[in-house]
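**Q** Here is my input; please provide its structure:
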Amino acid sequence: MSDNIVDIVRNKKARFEYEILDTFEVGIVLKGTEVKSIRQKKVSIQEAYAKITNGEVFIVGLNISVYEMGNRFNHEPLRERKLLMHRHEIKRLTGKLHERGYTLIPLLLYLKNGKVKLELGLARGKTTYDKKRTIQERDLKRDMQRDIKKYM
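**A** Modelled structure (predicted):
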């Protein structure tokens, strides 16, 4: 069985700003106009993060633009949305998030078999020297690829 996956939006800065330790695929509780806006790719996950409140996971700062044809039944763009995760995953994450420096950030928003899914990453912030090292490694790789193409 092949999964029909369509990427909607990817958090490009997340892997540069954070060290991703683990990833989770979660569902989101959405209203109809939110799904229609997401299908039109009018969504931003750059400023979003997830938090655990009373044993439930919520995403904060996920900006889903208002659907133009939505009239009075439209949604609020920046409301907190509940995420759907297994209870044992939530318990494991609760312990990790209480440690200093850990956070849950969205990495990818996509459609899987017609349903909106979110890839969450358990992350720890990188320091400036880690970021500099990442830039140096990326530049080195790029130079090596250039040299390989040049001599082929």
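**Q** ranges for the helices of this protein?
**A** Along the chain, counting by DSSP state H, helices occupy 14-17, 32-39, 87-98, 128-150.
**Q** So for the longest one, mean pLDDT?
**A** Just to be clear, that refers to helix 128-150. Helix 128-150 shows a mean pLDDT of 87.
**Q** what comes into contact with that helix?
**A** 16-17, 19, 126 (CB atoms under 8 Å, 6 or more residues apart in numbering). Using the backbone N, CA and C atoms, a C-beta is placed for each residue, glycine as well.
**Q** Now for I38, how many residues are close by?
**A** Look at I38: counted by other CB atoms under 10 Å, it has 22 neighbours.
**Q** any idea how far it lies from S44?
**A** Note on I38: its distance to S44, by CB to CB, to the nearest Å, is 11 Å.
**Q** what do you get for G114?
**A** 22 Å.
**Q** which one of those two has more residues nearby?
**A** Between G114 and S44, S44 has the larger neighbour count (other CB under 10 Å), namely 16 against 9.
**Q** residues contacting the closest residue in space to that one that isn't next to it in sequence?
**A** Distances taken as CB to CB, 6 or more residues apart in numbering place N63 nearest to S44, at 4.4 Å, with adjacent residues excluded. Contact analysis of N63 by CB under 8 Å, 6+ apart lists 43-45, 47-48, 77-78.
**Q** Whichever of those residues end up buried, select them in ChimeraX.
**A** Typed into ChimeraX, the line below selects the buried ones among the contacts of N63, using 16 or more other CB atoms under 10 Å:
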select :43,44,45,48
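**Q** Where is pLDDT lowest across the contacts of N63?
**A** P77 (83).
**Q** I figured that residue was touching G70, is that so?
**A** No. Using CB atoms under 8 Å, P77 is not in contact with G70; the gap is 11.3 Å.
**Q** Among the contacts of N63, find me the one that's closest to E119.
**A** I45 (9.9 Å; CB to CB).
**Q** For that closest one, which residues are in contact?
**A** Here I45 is in contact with 9, 11, 62-63, 106, 109, 118 (criterion: CB under 8 Å, 6+ apart).
**Q** how much space between R124 and V9?
**A** Counting by CB to CB - R124 and V9 are separated by 23 Å.
**Q** So in the protein, where's the weakest helix or strand by average pLDDT?
**A** Lowest by mean pLDDT, DSSP states H and E among the helices and strands of the chain is helix 14-17, with a mean of 84.
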